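> model this:
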Amino acid sequence: MAFELFKESSRIIVTCNKRIAPYLEQEIKDLGYSPEGAYPTRIELMGTMQDCIRLNLNLRCASQVHFSLRQLRAKNGDELYRGLEEIPWEDIIPNEGYFSVTCNVDTPSINNTMFVNVKVKDAIVDRIRHKTGTRPNSGPNMDKAAVYLYWKDDEAEVFIDTSGETLSKHGYRKIPGKAPMLEALVAATLYATKWDKASPFVNPMCGSGTIAVEAALMATQRKPGLFRRNYSFMHFVGFEIGNYHREFQKLKDQVKEVPNLVIHATDISEDAVNVTKVNAEIAGVSEYIKTKKCDFADTYVPEEGGGVVYFNPEYGERLGEIDELEATYKRVGDFLKQQCKGYTGYIFTGNLDLAKKIGLRASKRIEFYNAKIDCRLLEYELYAGTRDKDKLLKAES
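Numbers count the residues shown, from 1 in each chain. Coordinates of the predicted model:
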């Protein structure tokens, strides 16, 4: 009897960047799933390929969705090859299709990941050619079927990479701008804030607009799957386009409009403001984002308060000079103290020495990574009343 990939249930591993896992786990729970394990860079659960389709379309914080095919024991490349060749690949990958292979290898007998990639590819191709007389092509492109191998010591596990190209890019950002944060990271930081998705959201120094756009997408329940039309799961034997269309329709049906939502995004660069407009238009949320070219200190902050002011200033690792940035961070602190009373302020930075120049005591320091840079999302309660003035002005020591 033929192996039917889309009717099997197996272990699903949803990966993410470091320090994002708690927010990814909550997303998965919000979809109605019960994760069986949570780790620094992955969440594990049980499900089917249909569940993988749903996860791919809905998750903001994920990188890849992996569906386990088989666990193997292998001490070297030959043993790995033999174990992989036993899998019925002819029932999984179209015999005249295309597939790519990625690996994560930590075993004493291997010092070259490319060698493992070739072993996996050869096992798949040889099995399909032996069973069907034809063979699929393979290469580095991640736009068709994708296979992932995890191999540590003498234990290996082979997965269907149901995502292919990473989910951490949400598909609407055609012009990224300078030193952009990945969309998945931005989404996680927004989940970490106190924003209620209805009150004012103010984003000075908006750059390419990723923070403002992701905020609008969250508020209107627009999921990343709305902006992407190709996933690895579409290129395996047994995929039925109708199952995807049903999940896609659910995304469209859950979109809601928020008539009173206003997100203020400003930047001193006219190019940045224009890029923000383009990205917001592509994402379908331009009506919610008011842009303005100005110095951040001239950003309009609605008087009603109760919302969020979110800064992502340069922090000296990629752009700008430290001396200039010290003055900028001090001005950011002055802006928060003087013009944002009644709001909750957030500053995402990878330079805690510069953060000291803000002159406010953070109520929370939430840990993240931006690429390999150790970062913090600093939270500031900007009290509206005079009773907390002394507490508000107390500088970091």
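
> And the helices in the stretch 1-150 of the chain?
For the stretch 1-150 of the chain, applying DSSP state H, counting those that start in this stretch gives helices covering 21-30, 49-58, 77-85, 113-132.

> Out of the ones you listed, which is the most enclosed?
Most buried of the helices of the stretch 1-150 of the chain by mean neighbour count (mean count of other Cβ atoms under 10 Å) is helix 49-58; its value is a mean of 22. From N, CA and C alone the C-beta is placed, and that goes for glycine too.

> counting contacts, what elements does that one pack onto?
In this structure, helix 49-58 packs against strand 9-15, strand 64-73, helix 241-254, with contacts taken as 3 or more Cβ pairs under 8 Å, 6 or more residues apart in numbering; DSSP states H and E.

> Next one, pLDDT for the most centrally placed residue in the chain please.
Centroid-nearest residue in the chain: A184, 2.1 Å away (criterion: Cα atoms, centre = their mean). Here the pLDDT value assigned to A184 is 98.

> The residue nearest to I160 when sequence neighbours are not counted - how many residues pack around it?
Nearest in space to I160, with sequence neighbours left out and distances taken as Cβ to Cβ, 6 or more residues apart in numbering, is F67 at 4.3 Å. By other Cβ atoms under 10 Å, the residues close to F67 number 25.

> For F67, give its distance to V101.
Distance, F67 to V101, by Cβ to Cβ, to the nearest Å: 15 Å.

> same thing with L378?
With distances taken as Cβ to Cβ, L378 is found 41 Å from V101.

> related to what we said a few turns ago, I figured the residue nearest to I160 hits S10, correct?
Yes. Using Cβ atoms under 8 Å, F67 makes contact with S10 at a distance of 5.9 Å.

> Can you give the domain ranges for this structure?
Domain segmentation of the chain under automatic domain parsing yields 5-161, 183-221+256-393.

> Out of the ones you listed, flag the one nearest N243.
Among the domains of the chain, the nearest to N243 by Cβ to Cβ is domain 5-161 (5.9 Å).

> can you pull out the strands in the stretch 251-397 of the chain?
Remark: strands assigned in the stretch 251-397 of the chain by DSSP state E, counting those that start in this stretch are 263-267, 289-293, 308-311, 344-349, 364-370, 373-381.

> helix/strand/coil for V158?
Put simply, V158 is strand when judged by DSSP: H, G, I helix; E, B strand; the rest coil.

> Please state the backbone phi and psi of the residue in the chain sticking out farthest from the centre?
The centre of the chain is farthest from one residue, G133, which by Cα atoms, centre = their mean lies 40.6 Å away. G133 adopts backbone torsions of phi 90, psi -10, taken as degrees, to the nearest 10.

> Do you know the pLDDT at it?
In this prediction G133 is given a pLDDT of 96.

> P94 versus that one, what's the distance?
Separation of G133 from P94 (Cβ to Cβ): 14 Å.

> do the same with A62
26 Å.

> Give me the more crowded residue out of these two.
Using other Cβ under 10 Å as the criterion, A62 and P94 rank with A62 on top: 26 against 18.

> excluding its backbone neighbours, what's nearest R173?
N279 (5.3 Å).

> which residues touch G77?
The contact partners of G77, by Cβ atoms under 8 Å, 6 or more residues apart in numbering, come to 109-110, 115-116, 119.

> Pick the one among those closest to S34.
So of the contacts of G77, ranked by how close each gets to S34 (Cβ to Cβ), first place is V116, at 33.3 Å.

> do you know how far the closest one is from I124?
In terms of Cβ to Cβ, V116 sits 13 Å off from I124.

> What of K152?
For K152, the distance to I124 - Cβ to Cβ - is 21 Å.

> same deal with A355?
From A355 to I124 the distance is 50 Å (Cβ to Cβ).

> With only the CA atoms kept, save the helix or strand in which W151 is found in CSV.
W151 belongs to strand 145-152 when elements are defined using DSSP states H and E. The C-alpha coordinates for strand 145-152 follow below in CSV (Å, rounded to 0.1, in the frame of the first residue of the first chain):
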residue,chain,number,x,y,z
ALA,A,145,9.7,20.5,-2.3
ALA,A,146,12.1,20.8,0.6
VAL,A,147,13.6,18.2,2.9
TYR,A,148,15.3,18.9,6.3
LEU,A,149,17.7,16.5,8.1
TYR,A,150,18.7,16.9,11.8
TRP,A,151,21.6,14.7,12.8
LYS,A,152,23.3,14.7,16.2
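
> Check which helices and strands it is in contact with.
strand 98-106, helix 113-132, strand 155-161.

> want to try CSV for the ones you listed, with distance to G307 as columns?
CSV is the format used below for the helices and strands packed on strand 145-152 (distance: least, Cβ to Cβ, whole Å):
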stretch, distance to G307
strand 98-106, 41
helix 113-132, 47
strand 155-161, 39
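
> check contacts around F348.
Applying Cβ under 8 Å, 6+ apart, the residues contacting F348 are 181, 189, 310-312, 368, 370, 375-378.

> would a markdown table of the helices of the stretch 1-150 of the chain with distance to V158 be doable?
A markdown table is the format used below for these (distance: least, Cβ to Cβ, whole Å):
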| stretch | distance to V158 |
| --- | --- |
| helix 21-30 | 23 |
| helix 49-58 | 15 |
| helix 77-85 | 6 |
| helix 113-132 | 8 |
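
> returning to what we had before: quick one: which of the strands of the stretch 251-397 of the chain is nearest E324?
Closest among these, using Cβ to Cβ: strand 344-349, at 14.8 Å.

> And the closest one, how far out from the chain middle?
Mean-position distance between strand 344-349 and its chain equals 19 Å (Cα atoms, centre = their mean, to the nearest Å).

> Can you tell me the strand partners of that strand and which way each runs?
Taking DSSP bridges as the criterion, strand 344-349 sits next to strand 308-311 (parallel), strand 373-381 (antiparallel) in its sheet.

> so of those strands, which one's packed in deepest?
strand 308-311 (a mean of 25).

> what's that one in contact with?
Against strand 308-311 from outside (Cβ under 8 Å, 6+ apart): 193-195, 199-205, 211, 215, 296, 301, 332, 336, 340, 343-348, 382.

> and those residues, which are buried?
Buried members of these, scored by 16 or more other Cβ atoms under 10 Å, are 193, 195, 199-205, 211, 215, 296, 301, 332, 336, 340, 343-348, 382.
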